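> fold the following, please.
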Amino acid sequence: MTYAIKVENLGKRYLIGHQKKESYSTLRDTLANGVRDIWKHIRNPSLGGEVEEFWALKDVSFEIKPGDRVGIIGRNGAGKSTLLKILSRITEPTTGRFTTRGRVASLLEVGTGFHPELTGRENIFLNGAILGMSRADVKRQFDAIVDFSGVEKFLDTPVKRYSSGMYVRLAFAVAAHLEPDILIVDEVLAVGDAEFQKKCLGKMEEVGKEGRTVVFVSHNMGAVRQLCEEGIFVQNGKTMSHQSIEKVIGCYTAQSKSTLTGSGGASISNIHLIDSQFRKLDSNQITHGENVRISLDISFSEYARFCDIGINIRDQYGRIVANIQSMDSDLVINQQKGDTINVVSLIEKIQFSPGTYSLDISIVSSTTVLCHIGSACHLQVFISEKLKRPQGIPDHVIEFVVADWQLEKVIT
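Residues are numbered from 1 along each chain as shown. Presented below is the predicted three-dimensional model:
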């Protein structure tokens, strides 16, 4: 099978130096030690302080076919940007190997690939030359690049005077229009405004439909889902999943770590989801249209009056799709210090579209947040076999309702 990108057992190691701290030193000592350390590091980088090995990537392997639009997702520090820098040949891997077929254009950081002293016009031709294009080929795409970027008025101004937004607009326009076989884009698009981001996503989709390969990194799950068909989930420098983008986003969301905040006046434990048959859902999976109960234990370390229990349900893109408050059911919670209670919330006929959802749970007494757990647990909704929509559920639909329909009469 042909491939555009092939990565085999790729690893990237960095050496992190830890300088030994001195309790006191004079300026003369600092200057003398600095000169001495330079020679030490030239002869042996491990001298002059402790050195720690850090593997930004380790044993990463995957293949991307020509024309694929692939999203790489993961938390900050997972190794995504390091991977893109290796694929763009900005840095070399420590272990393993990779192969790219065709011209590669990348947009990784604001300013990457541009000479600050050159004008926007000159940088367009410089980037074309780097990609191996002739001057005539660049001229053919020149007007489209300028029109897309919207910086025509400043085209003959050195790019060092551009704002970060202008920089990104021109850089993306150059990377996308100079007909690369592989287009690599990092989170840098977040610098642009919403309208330009939408424009960029449309252009990358167009590039993919032309048979060229797009590799896209973003923390915006909505943008990743809109553009990409496949996904790669990177965690701690390793590839955890490489499959359809929906499944990869679900895997990423399900592994989100919970966060705990609040005054500490209460704690939440034993969070369980229970189905309509009163069975605990070990896998937290529910079918659309079924009832689900959320059960949790609350322990109070202080006296609490008029407590309200709140639950926000978020989809895999982080959007709040539902909010539940115990005060809406007239439940009054006044507890003494040392009390532990169990509460259950019933959601009837769950209407969410298929996907993975996270639950944020809060305990509030008057105006004080006693406890808040972000991503306390996850819920996975599956489509019902009774659903008769052959095309399935559109991706942008947050929830859908199965209503009863009947034909009352024929008017004509």
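> ok, and the helix or strand in the chain with the lowest average confidence?
None of the helices or strands of the chain scores lower by mean pLDDT, DSSP states H and E than helix 27-43, at a mean of 64.
> all helices for the stretch 151-300 of the chain, in order.
For the stretch 151-300 of the chain, helices defined by DSSP state H, counting those that start in this stretch occupy the ranges 164-177, 194-209, 221-227, 245-254.
> pLDDT (mean, whole number) over the third one?
If I follow you right, that is helix 221-227. What helix 221-227 shows for mean pLDDT is 79.
> quick one: residues in contact with that helix.
For helix 221-227, contacts defined as Cβ atoms under 8 Å, 6 or more residues apart in numbering pick out 69, 71, 73, 189, 197, 201, 204-205, 208, 214, 216, 218, 231, 245-246, 249, 252-253, 316-318, 395. For glycine as for every other residue, the C-beta is placed from the backbone atoms N, C-alpha and C.
> kindly recompute the last result at 10 Å.
Contacts with helix 221-227, where a contact means Cβ atoms under 10 Å, 6 or more residues apart in numbering, come from 69-73, 185, 189-190, 197-198, 200-202, 204-205, 208, 214, 216-218, 220, 231, 245-246, 248-249, 252-253, 315-319, 395-396.
> any of those buried? List them.
Among these, those buried by neighbour count (16 or more other Cβ atoms under 10 Å) are 69-73, 185, 189, 197, 200-201, 204, 208, 214, 216-218, 220, 231, 245-246, 248-249, 252-253, 315-317.
> what about the helices in the stretch 301-412 of the chain?
Assigned by DSSP H, counting those that start in this stretch, the stretch 301-412 of the chain shows no helices.
> low-confidence regions, it specifically.
Low-confidence segments of the stretch 301-412 of the chain, defined by pLDDT under 70: 384-396, 398, 400, 402.
> and the strands in it, which stretches?
307-314, 320-325, 340-347, 355-365, 368-382 (DSSP state E, counting those that start in this stretch).
> which secondary structure elements does the second one sit against?
When you say that, I think you mean strand 320-325. If you count contacts as 3 or more Cβ pairs under 10 Å, 6 or more residues apart in numbering; DSSP states H and E, strand 320-325 packs onto strand 307-314, strand 340-347, strand 355-365.
> out of these, flag the one nearest residue 130.
Smallest distance to residue 130 across the helices and strands packed on strand 320-325 (Cβ to Cβ): 41.3 Å, for strand 355-365.
> out of the strands of the stretch 301-412 of the chain, deepest packed?
Across the strands of the stretch 301-412 of the chain, the average number of neighbours (mean count of other Cβ atoms under 10 Å) peaks for strand 355-365, which reaches a mean of 22.
> could you check the angle helix 245-254 makes with that strand?
If you take axes from the mean of the first three to the mean of the last three Cα atoms, to 10 degrees, strand 355-365 sits at 30 degrees to helix 245-254.
> so which of the helices of the stretch 151-300 of the chain is the most surrounded?
helix 164-177 (a mean of 24).
> over that helix, what's the mean pLDDT, rounded is fine.
Taken as a whole, helix 164-177 has an average pLDDT of 83.
> next, the angle helix 194-209 makes with it.
10 degrees.
> kindly export helix 164-177 (C-alpha atoms) in CSV.
Only the C-alpha atoms of helix 164-177 are listed here, as CSV (Å, rounded to 0.1, in the frame of the first residue of the first chain):
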residue,chain,number,x,y,z
SER,A,164,1.1,37.9,14.9
GLY,A,165,-2.3,37.6,13.1
MET,A,166,-0.9,39.1,9.9
TYR,A,167,2.1,36.8,10.1
VAL,A,168,-0.1,33.7,10.4
ARG,A,169,-2.5,34.8,7.6
LEU,A,170,0.3,35.2,5.1
ALA,A,171,2.2,32.1,6.3
PHE,A,172,-0.9,29.8,6.0
ALA,A,173,-1.7,31.3,2.6
VAL,A,174,1.8,30.6,1.4
ALA,A,175,1.9,27.0,2.8
ALA,A,176,-1.6,26.1,1.5
HIS,A,177,-1.3,27.6,-2.0
